[in-house]
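> Can you look at this prediction? I've put the sequence above it.
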Amino acid sequence: MSPRSSTGVSKRRRKTARAVSRRRTKAEARARAMREREGSAKTSRRKVAQLSRQTNRLLHLEPFSGIAGNMFLAALLDLGLRRRDLEAELAALKIPYTLRVRRVRRGPIAAPYLTVSVPQRGRARGGRRYAEIRRLLERSPLKASIKERALATFAVLGWAEAKVHGVPLSEVHFHEVGAADAVVDICGVAAALDLLGIERVTSAPVALGSGQVETQHGRLPLPAPAALELLRGIPTLPASVAWETVTPTGAALLRTLVDEFVPLPAMTPEAVGYGAGDAREGPMPNVLRAVLGRSGGYARDRVVYLETHLDDFSPEHFDFLMERLFAAGALDVSLQYLQMKKNRPGFLVRVLCRPAQKLDLARILFAESTALGVRVAEYDRLVLARERLRIATPFGTIAVKLVRDPEGRVEASAEYDDCARAARKSGRPLREIVRETERLARLAGATRAAD
């Protein structure tokens, strides 16, 4: 073989080897990309599964020895809430305090006992006014859900104090509950519920003590007047003890945060926590028990149907009537065509609302329609767990509702008005925007659950 032919063979072999190497590299790259896609898909499925498992979180309280703000917060810490996470949220208040938690025994039960120490310079001399506390919370960078619960709790507390003392809400001056330690208790409970992902709170009847208590207003009967005012409509039972079992702060937290007062509901318990009160003698340990679990796919509440027949109402006025009803808090408003007596065409107007709203909405029906009577019926309702999100998409920010069924499957439903607005602005098909928004919503929901 000539040297030239030998050189040609070598070149062809090297060229073939390079081609094989390139094909191998491309094949490896495709395999790697496929593994990454599969891994990404598995990660997304795992996140969605985590979201499903963490839905319907329910907290049940058992105040068989009463409730106070520090007992409630201690019980939530005992459920597994990390103290550093709680303090990180409370740092937004920008008030000086020290959280102290020690393990104590109340009867046969060991439980954390929580106190909030505030340096003298951090205390408001003589307490704080309601307006001052509201201003402190509104201006704080607390998360919106935490701020809303804390403001609502102080609002009902202020309302009770105003009613008892016969003064306007703006003039309410908190003494025992007005110092920074009470602000920490109330905001701490609100933050803990958010951190634990609790969607619903239930409670057994609360036990009430009797006797007298010394306050800055002088000696008062037990339950304290403000506490008893806050417990109106809430089931109670005698604690058979001569000391204060329910503080005004504890009563305000019950009134604001509890969705339903029932015995232990159907649930799958995941954790049990106890919060200790002061060392007191009584037939039961002076602790608050909290049970954290999953409700099994359904939440339960009570709703009211208001309905009336109209046969002499101008149909063009229905739009304004529905607007007024929704603005006043109606959950839903529906119209149904009827054939009424003497063959007159008419309408059935039906309004779905919370029990507390029925009188306000009935007034609107009487004022804005020709109704002469309104029928009222109250029902139990089963509802699926749901959550509203605002999702950043390539087409703008769009509102989405996430719904979880009893088997834990997550469904996303994009808000039509937002999607239609985005479609007009971007020129993209509406269904494409809906599909992409719902895909991003499921991923966002899964990420929130994983965190």
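Structure received.
> domain ranges for this structure?
Taking automatic domain parsing as the reference, the chain has its domains at 57-296, 300-373, 384-450.
> Show me where the stretch 201-350 of the chain dips below the pLDDT cut-off.
216-217, 296-299 (pLDDT under 70).
> just the domains of the chain: most buried one?
By mean neighbour count, with neighbours taken as mean count of other C-beta atoms under 10 Å, domain 57-296 ranks first of the domains of the chain at a mean of 19. Every residue, glycine included, has its C-beta placed from N, CA and C.
> Please determine how far residue 146 is located from residue 354.
According to C-beta to C-beta, to the nearest Å, residue 146 stands 23 Å off from residue 354.
> scratch that, residue 235
19 Å.
> Please enumerate the helices of the stretch 51-200 of the chain.
Remark: helices assigned in the stretch 51-200 of the chain by DSSP state H, counting those that start in this stretch are 69-78, 83-90, 130-139, 144-165, 180-195.
> contact partners of the first one?
Here helix 69-78 makes contact (C-beta atoms under 8 Å, 6 or more residues apart in numbering) with 61, 83, 86, 101, 111-116, 182, 185-186, 188-189, 192-193, 196, 247, 249-250, 253, 273-277, 287-290.
> May I have it as CSV, with CA atoms only?
Extracted C-alpha coordinates of helix 69-78, given in CSV (Å, rounded to 0.1, in the frame of the first residue of the first chain):
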residue,chain,number,x,y,z
GLY,A,69,-54.1,35.0,74.6
ASN,A,70,-50.9,33.5,76.0
MET,A,71,-52.5,30.0,76.4
PHE,A,72,-53.6,30.1,72.7
LEU,A,73,-50.2,31.1,71.4
ALA,A,74,-48.4,28.5,73.6
ALA,A,75,-50.7,25.8,72.3
LEU,A,76,-49.9,26.7,68.7
LEU,A,77,-46.2,26.6,69.5
ASP,A,78,-46.7,23.2,71.1
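> tell me the angle of that helix relative to helix 144-165?
Going by axes from the mean of the first three to the mean of the last three C-alpha atoms, to 10 degrees, helix 69-78 is angled at 160 degrees with respect to helix 144-165.
> Show the average pLDDT along helix 69-78.
In this model, helix 69-78 has an average pLDDT of 97.
> With the second one instead?
Per-residue confidence for helix 83-90 averages out to 94 on the pLDDT scale.
> Just the angle for it relative to helix 69-78, thanks.
Using the same axes, to 10 degrees: helix 83-90 against helix 69-78 is 130 degrees.
> With distance to residue 257 as extra columns, can I get the helices of the stretch 51-200 of the chain in a markdown table?
As requested, the helices of the stretch 51-200 of the chain are arranged in a markdown table below (distance: least, C-beta to C-beta, whole Å):
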| stretch | distance to residue 257 |
| --- | --- |
| helix 69-78 | 9 |
| helix 83-90 | 16 |
| helix 130-139 | 16 |
| helix 144-165 | 7 |
| helix 180-195 | 7 |
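> how close does the residue nearest to residue 118 when sequence neighbours are not counted sit to residue 66?
The shortest distance from residue 118 to any non-neighbouring residue, by C-beta to C-beta, 6 or more residues apart in numbering, is to residue 180 (4.5 Å). As judged by C-beta to C-beta, residue 180 and residue 66 stand 23 Å apart.
> And the strands in the stretch 351-451 of the chain, which stretches?
375-393, 396-404, 410-414 (DSSP state E, counting those that start in this stretch).
> can you put those in a markdown table and add mean pLDDT?
Formatted as a markdown table, these follow (pLDDT from 0 to 100):
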| stretch | mean pLDDT |
| --- | --- |
| strand 375-393 | 84 |
| strand 396-404 | 85 |
| strand 410-414 | 85 |
